[in-house]
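J.: Below are the sequence and a predicted model for it; my questions follow.
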Protein chains: 2
Amino acid sequence: MQSDPFDKTGRSNTRWQQSLLSREVRESRNRHRAAVLWFTGLSGAGKSTLAHATEKRLFELSCQTYVLDGDNVRHGLCGDLGFSVEDRSENLRRIGHVAKLFFDTGVIILSAFISPFSQDRAFVRRMIPAGRFIEIYCSTPLEVCESRDTKGLYLKARAGLIKDFTGVSAAYEPPTDPELIIDTQQQTIAASVEEIVVLLVKRNILQL
Amino acid sequence: MQSDPFDKTGRSNTRWQQSLLSREVRESRNRHRAAVLWFTGLSGAGKSTLAHATEKRLFELSCQTYVLDGDNVRHGLCGDLGFSVEDRSENLRRIGHVAKLFFDTGVIILSAFISPFSQDRAFVRRMIPAGRFIEIYCSTPLEVCESRDTKGLYLKARAGLIKDFTGVSAAYEPPTDPELIIDTQQQTIAASVEEIVVLLVKRNILQL
């Protein structure tokens, strides 16, 4: 830097620095493009398992990746929120902005939340450039999710111990035009991961 | 993956995947350790300029980095918050959690917020493993910051047009034991950046 960034020309210096580390510059070093893979579906539909398995595969392909899910968000950033319609929307609003921050660093971010409402998902989609928001609908039917009940939550919800439980006592609005639909009852996780990788290559996000 | 992750053993599979992509695994690929560089100081003290200049240098050193500042947080994730004591704390709480998420991906995250209250900074410090939270106090005196007034905010604050403005109508609690003190009036940005890099090497976060 030639000039003192604190003089009258300092602010343009700062802007120049910021644009030097644009998303495009970061992407060119990462050798893949940034994207948001947004997994949506009922509890037990396989979102988190699929997101982590996909991340593992992308990591092996030398991608910069990160999974946002209930484990790392609900207890921290959104620890003040419950599961009412308003709180779910605020939860998704914050997660959307965090996904955008990671996106800006050139990362492939995988988000695994029920995200039951179309308008909340649409809000996040609008924040991300066209072609980089990949909505993956985990369409596993309710009865299958409920029979899995890996966390015992459906049992509690049916017993009235959990309020506003999606699929039982709260609505889920299926995506009308997702980039991908995966029913984890119909195909293995490994096959689903490869389907996602193929889509990312087709969308010019990844090169194999 | 050998087994069906949706059977009764599926949850342990998921955990295994998560631990495979631990921060340590990400760090070993990045060839540097994760850290949070927390710049604190008055408006105009040089936090953001210094953070971006440091990021540029770290990027040249092949580090994975990202700057969190007012530009990308106040309009998005914390767009619902004002500048009251409560809102400032909630602002910092969220930023702290986002910094932690980035930290978990192995990134060197640089945060540039006034962050005027000791207890809010201490809250973030507690979230990050010992030795990885680097508090950098930009100690440029109020009168220097005010004379710079790059954003015209001090003028507005003195005119009573901005409420709760740190240094004018709201308190700033200086760090008592920061990892580094930089007075941007006393040394150039380039020298300050090198001082930070030297500290990161000393702390075993970077290897040159």
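T.: Perfect, I can see it now.
J.: can you pull the buried residues of the strand or helix carrying residue A:29?
T.: Element membership for residue A:29, per DSSP states H and E: helix A:23-30. Using 16 or more other Cβ atoms under 10 Å in any protein chain shown as the test for burial, helix A:23-30 gives A:23, A:26, A:27, A:30. For every residue, glycine as well, the C-beta is placed using N, CA and C.
J.: measure the last one to residue B:76 for me?
T.: So that's residue A:30. 23 Å (Cβ to Cβ, to the nearest Å).
J.: what do you get for the first one?
T.: As defined by Cβ to Cβ, residue A:23 lies at a distance of 15 Å from residue B:76.
J.: So residue A:43 lies in a strand, does it not?
T.: No - counting by DSSP: H, G, I helix; E, B strand; the rest coil, residue A:43 is not found in a strand; it is coil.
J.: Quick check: it touching residue A:156?
T.: No - shown here, residue A:43 and residue A:156 do not form a contact pair, counting by Cβ atoms under 8 Å, at 11.0 Å.
J.: Mind jotting down where the helices sit in chain A?
T.: Ranges of helices within chain A are A:10-20, A:23-30, A:47-60, A:70-73, A:85-104, A:118-127, A:142-148, A:153-158, A:189-202, based on DSSP state H.
J.: who does the longest one touch, helix- and strand-wise?
T.: Using 3 or more Cβ pairs under 8 Å, 6 or more residues apart in numbering or on different chains; DSSP states H and E as the contact test, the elements touching helix A:85-104 are strand A:35-41, strand A:65-69, helix A:70-73, strand A:108-112, helix A:118-127, strand B:65-69, helix B:70-73, helix B:85-104.
J.: Looking at those, which is nearest to residue A:146?
T.: Residue A:146 lies closest to strand A:35-41 among the helices and strands packed on helix A:85-104, at 13.1 Å (Cβ to Cβ).
J.: Is the closest one positioned near chain B?
T.: No - Strand A:35-41 stays clear of chain B (Cβ under 8 Å from any Cβ of the partner chain), getting no nearer than 13.2 Å.
J.: Distance from that strand to the middle of the chain?
T.: The chain centroid and the centroid of strand A:35-41 are separated by 4 Å under Cα atoms, centre = their mean, to the nearest Å.
J.: go on, stretch A:148-156?
T.: How far stretch A:148-156 lies from its chain's middle: 23 Å, per Cα atoms, centre = their mean.
J.: Show me what counts as buried in that stretch.
T.: Neighbour count says stretch A:148-156 has A:148, A:150, A:153, A:154 buried, by 16+ other Cβ under 10 Å.
J.: ok, the residues you listed vs residue A:65, which is closest?
T.: Checking the buried residues of stretch A:148-156 against residue A:65 with Cβ to Cβ, the nearest one is residue A:150 at 23.6 Å.
J.: Is it correct that the closest one is in contact with residue A:44?
T.: Yes - using Cβ under 8 Å, residue A:150 is in contact with residue A:44, at 5.9 Å.
J.: C-alpha coordinates for stretch A:81-99, PDB please?
T.: Output in PDB follows, covering the C-alpha atoms of stretch A:81-99 (Å, rounded to 0.1, in the frame of the first residue of the first chain):
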ATOM      1  CA  LEU A  81     -35.700 -19.000  19.400                       C
ATOM      2  CA  GLY A  82     -38.500 -21.600  19.800                       C
ATOM      3  CA  PHE A  83     -40.600 -23.300  17.100                       C
ATOM      4  CA  SER A  84     -43.600 -21.000  16.600                       C
ATOM      5  CA  VAL A  85     -44.300 -19.800  13.100                       C
ATOM      6  CA  GLU A  86     -42.600 -16.400  13.900                       C
ATOM      7  CA  ASP A  87     -39.500 -18.000  15.500                       C
ATOM      8  CA  ARG A  88     -39.100 -20.500  12.700                       C
ATOM      9  CA  SER A  89     -39.100 -17.700  10.200                       C
ATOM     10  CA  GLU A  90     -36.500 -15.700  12.300                       C
ATOM     11  CA  ASN A  91     -34.500 -18.900  12.600                       C
ATOM     12  CA  LEU A  92     -34.500 -19.300   8.800                       C
ATOM     13  CA  ARG A  93     -33.800 -15.600   8.200                       C
ATOM     14  CA  ARG A  94     -30.600 -15.800  10.400                       C
ATOM     15  CA  ILE A  95     -29.500 -19.100   8.800                       C
ATOM     16  CA  GLY A  96     -30.000 -17.600   5.400                       C
ATOM     17  CA  HIS A  97     -27.800 -14.700   6.200                       C
ATOM     18  CA  VAL A  98     -25.100 -17.000   7.700                       C
ATOM     19  CA  ALA A  99     -25.300 -19.100   4.500                       C
END
